[in-house]
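Enquirer: quick one: sequence plus predicted model below, questions after.
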Amino acid sequence: QVQLVESGGGLVQAGGSLRLSCAASGRTFSTYRMGWFRQAPGKEREFVAAIRWYEGNTYYADSVKGRFTISRDNAKNTMYLQMNSLKPEDTAVYYCAAGPYGSEYDSWGQGTQVTVSS
C-alpha cells in the first residue's frame, strides 16, 4: 500500500498561482502512475492530471491544459501540481492518487482544499 500526503492548498485570488505537493511512501514507484483529481461541492470527482512515474509522461484534463503542470521529484518521492492562472471554477478539494500501470488508482491522499476567489 502506498501512503500519500498532500499539502499546499489555500485561498488565492483569480489569476494567482498555487503549488500542491504529494509526498509518497510505502514502496517503489517505477511501475506506478500518479495523478491529481478534484471534487467541487455538489459535483463528482474529476481527473485533473497524471504522470507515469518512471517515464515522466504527463496527461491533462482539457480544462487545465496550459495552466497546470504536473511533475515529480524521484529523489524526494514527491509529486507536484503547479497551478497558474487559477479561476474560481478551479475551487475544489484536490486529491493525489497512485496506482500500478494498467490498473485503477488504489491509493488516495486525504485531500487539500483550494479556493479561488473572484
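Expert: Cool, got the structure.
Enquirer: name the helix or strand for Y105, please.
Expert: Using DSSP states H and E, Y105 falls within no helix or strand.
Enquirer: ok, now which ones touch it?
Expert: By CB atoms under 8 Å, 6 or more residues apart in numbering, the contact set of Y105 is 33, 35, 97-99. The way it works is simple: take the backbone N, C-alpha and C, and place the C-beta from them, glycine included.
Enquirer: again, only using 6 Å
Expert: When contacts are counted by CB atoms under 6 Å, 6 or more residues apart in numbering, Y105 touches 97, 99.
Enquirer: show me where the protein has its strands.
Expert: Secondary structure of the chain (DSSP state E): strands located at 3-7, 10-13, 18-25, 32-39, 46-52, 58-60, 68-73, 78-83, 92-100, 107-108, 112-117.
Enquirer: export those strands to a markdown table and tack on mean neighbour count and mean pLDDT?
Expert: Formatted as a markdown table, the strands of the chain follow (neighbours: other CB atoms under 10 Å; pLDDT from 0 to 100):
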| stretch | mean neighbour count | mean pLDDT |
| --- | --- | --- |
| strand 3-7 | 16 | 95 |
| strand 10-13 | 13 | 98 |
| strand 18-25 | 19 | 96 |
| strand 32-39 | 21 | 95 |
| strand 46-52 | 19 | 97 |
| strand 58-60 | 15 | 97 |
| strand 68-73 | 18 | 96 |
| strand 78-83 | 22 | 97 |
| strand 92-100 | 21 | 96 |
| strand 107-108 | 16 | 95 |
| strand 112-117 | 17 | 98 |
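Enquirer: most remote residue from this protein's center?
Expert: Residue farthest from the centre of the chain, counting by CA atoms, centre = their mean, is S118 at 22.5 Å.
Enquirer: could you check the pLDDT of the closest residue to that one other than its chain neighbours?
Expert: Residue nearest to S118 in three dimensions, not counting chain neighbours: P88, with 4.7 Å by CB to CB, 6 or more residues apart in numbering. Looking at P88, its pLDDT stands at 97.
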